[in-house]
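K.L.:
Got a predicted structure here, sequence first:
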Amino acid sequence: MARVRRNVLTDPPSLEKFCRGINLLKRDFSAGVTTNAMGLPGTDLPVSAYDQFVIWHYVAMNILTPEEPELNPAARNAAHRGSVFLPWHRFMLLLLEQHLQRVL
């Protein structure tokens with residue numbers, strides 16, 4: 001049986017629940033992840049569950065695909081211009097959905 005997600009933009013209760021979930025993820029530091037553990041230089045700071053997604057996206061946007069400049073003159077990045085655009089984002093959305101279900 002197929003499951004259909006409600007459009008949060010046209011369903012106020014779903015929008016409220018989504019926003020509540022995002023705000024809970026922004027306050028969730030239970031994984032104990034830090035900026036240094038995620039490869040970011042500087043002062044080691046705790047990272048929320050929501051901010052992990054932001055950092056993963058930032059890092060993926062700064063990885064060239066492929067890495068050799070002569071093979072990638074347009075400087076494509078892994079998150080948006082490479083061949084993994086759709087599967088990468090699908091995976092990230094599935095992870096985000098699992099985290100939202102966890103906190104809600």
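P.N.:
Structure received.
K.L.:
what's the straight distance from one end of stretch 3-12 to the other?
P.N.:
By Cα to Cα, to the nearest Å, the extent of stretch 3-12 from end to end equals 19 Å.
K.L.:
can you pull the buried residues of it?
P.N.:
Counting neighbours by 16 or more other Cβ atoms under 10 Å, one finds that stretch 3-12 has no buried residues. Quick note: C-beta positions are derived from backbone N, CA and C, even for glycine.
K.L.:
And the contacts of that stretch?
P.N.:
For stretch 3-12, the surrounding residues in contact (Cβ atoms under 8 Å, 6 or more residues apart in numbering) are Ser14, Leu15, Phe18.
K.L.:
and if we set it to 10 Å?
P.N.:
Pro13, Ser14, Leu15, Glu16, Lys17, Phe18, Cys19, Glu97 (Cβ atoms under 10 Å, 6 or more residues apart in numbering).
K.L.:
Filter those down to the ones in helices?
P.N.:
Using DSSP state H, Pro13, Ser14, Leu15, Glu16, Lys17, Phe18, Cys19, Glu97 are the members of the contacts of stretch 3-12 that sit in helices.
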